[in-house]
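Novice: Okay, predicted coordinates and the sequence, questions at the end:
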Amino acid sequence: MNNWIQLSEKEKVELINRVSIATGLPNAAIEKDWWVTMSLRALFSCECANHIVFKGGTSLSKGWNLIERFSEDIDIAIDRAFFGFEGELKKKQINNLRRASCSYIKDKLKDELDYKLQETGIEDYSVFIKETQDTTKDPLIIEVLFNSIFTPGSYIREKVLIEIGTRSLIEPSETIQLRSILADNYPESAFADSYFDIPTVIPQRTFLEKAFLLHEEFQKPAENIRVNRMSRHLYDLEKLMDTDYAKDALNSPDLYDVIVNHRKMLTSMKEVDYSTHTPDKINFVPPASIIDIWEKDYETMKSNMIYGDSIPFDKLIERIRELNERFRNIKQ
């Protein structure tokens, strides 16, 4: 039984408000982090637990403590070998893989996740997948909707989105331990959840993938470039760029090439020219046409999601330009 759920709503509100003051995070973010943690714990106790890894921005903050940004959703990669697909895949095999993954997530994993959450005594939530006629949709998103004890805001949503894809790389990863922000602040309390192990993508890979993601995004026509919550990738890159993880990534040509080739073969987009991912051509600096709207997105994120120090947007762009030059200086 999860001891946190035994507390009264008044007790929960008081404790969360204290942690909010201590961390600088909104109270709704503290609450949602608990749901993110419980969802991760449940997911990594499912049948596929030995075949999935935690990745993306939330792994950087919650797993590696490298960024001071509340990351509210979960990115998961599931090993294609779990579905019997290994080695290089042709187009038809990739479609079959996507179909197998989509079917498994919709028909089995969603219900198993729900059962694992119920096992801990957690209530007042629902688990569902948005209806889609696409039987090869990958990644697929499981939504865990919960009833917040706070007045809902416009930015932090009352649901945990668990994006699960089978075309992502599984390695390189390492097993780390994590728990909720509440437990971090009240480790000796009866309601504190314990640490649990979770295989997590290494920061070097996430760093490179974020640079490639932006490079690909900025190849689109200006009107098709995404805006909402996208400035987080700039923030993450700037926070990582002076770490040993980033330095190691920029001195790992094999990892660089593996990621680019994987994106080209398994997650390619028709509007992207993958020959431009090379260090001498890569460009993840936002184009002038979207600078203003990305700045607005960044300011919104700063006020809602960043609980540590952050720099002005113009300084952020300067730093991203500097980082782009570091990529350009990679020896091939």
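Specialist: Everything's here; your move.
Novice: Would you mind listing the buried residues in stretch 307-325?
Specialist: Using 16 or more other CB atoms under 10 Å as the burial criterion, the residues of stretch 307-325 that qualify are Tyr307, Ser310, Phe313, Leu316, Ile317, Arg319, Ile320, Leu323, Asn324. From N, CA and C alone the C-beta is placed, and that goes for glycine too.
Novice: Tell me how many other residues crowd the closest residue to Pro279 other than its chain neighbours.
Specialist: Distances taken as CB to CB, 6 or more residues apart in numbering put Ile330 closest to Pro279, at 3.9 Å, once the chain neighbours are dropped. If you count neighbours by other CB atoms under 10 Å, Ile330 ends up with 16.
Novice: same check, this time on Asp242
Specialist: Residues lying near Asp242 (other CB under 10 Å) number 12.
Novice: before we move on, back to that, I'd like to know how far the residue nearest to Pro279 sits from Ala246.
Specialist: As for Ile330, its distance to Ala246 is 12 Å (criterion: CB to CB, to the nearest Å).
Novice: ditto for Glu295
Specialist: Taking CB to CB, one finds Glu295 at 24 Å from Ala246.
Novice: Give me the number of neighbouring residues for Pro253.
Specialist: 12.
Novice: Would you map out the domains in this structure?
Specialist: 3-201, 204-328 (automatic domain parsing).
Novice: Serialize those domains to TSV and add fields for mean pLDDT.
Specialist: Below are the domains of the chain laid out as TSV (pLDDT from 0 to 100):
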stretch	mean pLDDT
domain 3-201	92
domain 204-328	95
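Novice: Please enumerate the strands of the stretch 51-200 of the chain.
Specialist: Here the stretch 51-200 of the chain has its strands, by DSSP state E, counting those that start in this stretch, at 52-55, 74-78, 125-129, 140-146, 159-165, 173-178, 196-201.
Novice: Contact partners for Asp197?
Specialist: Phe44, Thr175, Ile176, Gln177 (CB atoms under 8 Å, 6 or more residues apart in numbering).
Novice: my bad, should have said Val36
Specialist: Contacts for Val36 were tallied using CB under 8 Å, 6+ apart; they are Thr58, Lys62, Glu72, Asp73, Ile74, Val160.
Novice: Mind putting those into JSON lines with distance to Thr37?
Specialist: Output for the contacts of Val36, formatted as JSON lines (distance: CB to CB, whole Å):
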{"residue": "Thr58", "distance to Thr37": "11"}
{"residue": "Lys62", "distance to Thr37": "8"}
{"residue": "Glu72", "distance to Thr37": "12"}
{"residue": "Asp73", "distance to Thr37": "13"}
{"residue": "Ile74", "distance to Thr37": "10"}
{"residue": "Val160", "distance to Thr37": "10"}
